[in-house]
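In: quick one, fold the following:
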Amino acid sequence: MHTVPDLRAHGGADAFLRNCASRAVLDLLTNKWVCLVVGALRPGTMRFGELRRRLDGVTQKMLTQTLRDLERAGLVHRAVYPSVPPRVEYSLTPLGQNVAGLMDAIRVWSEEHIDDIRTAQEAYDTKAGEELQPV
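Out: All right, here's what the predicted structure looks like:
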């Protein structure tokens, strides 16, 4: 059996350990809306209304919270321009651009394999719905 060493003593992180701070990053990145916001911002700067229209189904509250979380984590830059009404634009920081490729790959994989996943789910549900047969 292979045991992975605890890398924290050497300055590393190990998300498999319950107290590792990297779990907070995983929590952030595994949020559906985070993945979609990062993907929407990958091509370039967008205003709040543009993001909301692009992300079908997101509420104003959820989009606001997601953008705040991403800004706090250093993945999104929020620029406010003095005008009436104030103009606010969002863009990915270099760190956000860095993770955007991973998020985009997950989205693309999801789109490409949705039929496989649905087929597997239907097969599972059918099998689970059958009565146990004596051997």
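
In: what sits against P43?
Out: Listed by CB atoms under 8 Å, 6 or more residues apart in numbering, P43 has no contact partners. Any C-beta I mention is one placed from the backbone N, CA and C, and that applies to glycine too.

In: ok, so what distance separates it from S22?
Out: Per CB to CB, to the nearest Å, P43 is found 28 Å from S22.

In: which strand residues bridge R78?
Out: Per DSSP bridges, the residues bridged to R78 are Y90.

In: correct me if wrong: it contacts L70.
Out: No. Checked against CB atoms under 8 Å, the pair R78 and L70 is beyond contact range at 9.1 Å.

In: not counting residues beside it along the chain, what's closest to D104?
Out: G39 (5.5 Å; CB to CB, 6 or more residues apart in numbering).

In: one more: E71?
Out: R78 (5.2 Å).

In: number of nearby residues for that neighbour?
Out: Counted with other CB atoms under 10 Å, residues neighbouring R78 total 13.

In: about what we covered before: is it true that the residue nearest to D104 lies in a strand?
Out: No. Secondary structure of G39 (DSSP: H, G, I helix; E, B strand; the rest coil): helix, not part of a strand.

In: buried ones in the worst-scoring helix or strand of the chain on mean pLDDT, by neighbour count?
Out: The helix or strand of the chain with the lowest confidence, counting by mean pLDDT, DSSP states H and E, is helix 22-29 at a mean of 91. For helix 22-29, the neighbour count (16 or more other CB atoms under 10 Å) marks 28-29 as buried.

In: what packs against it?
Out: helix 94-129 (3 or more CB pairs under 8 Å, 6 or more residues apart in numbering; DSSP states H and E).

In: point out where the protein drops to low pLDDT.
Out: 1-11, 131-135 (pLDDT under 70).
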